[in-house]
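Enquirer: Could you work out the structure for the sequence below:
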Amino acid sequence: MPSKQGLFIAERNLVCVRPSGERFDVRLRIGKPYRVDSVSWACPVEATGLFKHLADIHGVDSFHSLMLGQGLLRKLVGAEIESGSQFFSNGSSEPVTIGELFGEGI
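Expert: Residues are numbered from 1 along each chain as shown. Model (predicted):
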């Protein structure tokens with residue numbers, strides 16, 4: 001599915017379960033970085049289910065904007081986990097960890 005400036009290049013579908021028992025689908029997506037002007041790039045990100053809209057993340061080059069976008073999604077999911085929520089993938093009965101989603105020690 002196209003983002004504002006191109007295709008999404010990575011996607012992960014999860015189910016979030018809050019401490020209240022509320023369950024809902026979450027889709028994490030990272031888009032292809034695009035040049036904004038001669039000195040900056042941006043990377044589209046989505047956390048559908050957690051947020052209706054996230055601004056594109058800006059960096060000094062494509063790599064920087066991509067890493068900042070990934071870092072934002074990690075922080076948003078991490079904050080939800082810290083509040084007591086759990087994330088599950090593909091009907092699994094075991095919650096996934098931040099490390100499993102984004103890599104250990106990153």
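Enquirer: So residue 101, which state does it fall into?
Expert: Here residue 101 is helix, with the state taken from DSSP: H, G, I helix; E, B strand; the rest coil.
Enquirer: That one: how many residues sit nearby?
Expert: 17 (other CB atoms under 10 Å). C-betas here are computed from N, CA, C, even on glycine.
Enquirer: In this structure it contacts residue 12, no?
Expert: Yes: with contact defined as CB atoms under 8 Å, residue 101 counts as touching residue 12 (6.8 Å).
Enquirer: and for those two, which residues touch both?
Expert: Counting by CB atoms under 8 Å, 6 or more residues apart in numbering, the residues touching both residue 101 and residue 12 are residue 28.
Enquirer: Direction included, what does the helix or strand hosting residue 47 pair up with?
Expert: Secondary structure from DSSP states H and E places residue 47 in strand 45-48. Take DSSP bridges as the rule and strand 45-48 pairs in its sheet with strand 23-31 (antiparallel).
Enquirer: Can you name the element that comes right after the strand it pairs with?
Expert: Assigned by DSSP H and E, the successor of strand 23-31 is strand 34-37.
Enquirer: name the helices or strands packed onto that following strand?
Expert: Where contact means 3 or more CB pairs under 8 Å, 6 or more residues apart in numbering; DSSP states H and E, strand 34-37 is packed against strand 40-43.
Enquirer: List of residues touching the strand it packs on?
Expert: Contact partners of strand 40-43, identified using CB under 8 Å, 6+ apart, comprise 5, 30-36, 56-62, 64-66, 68-69.
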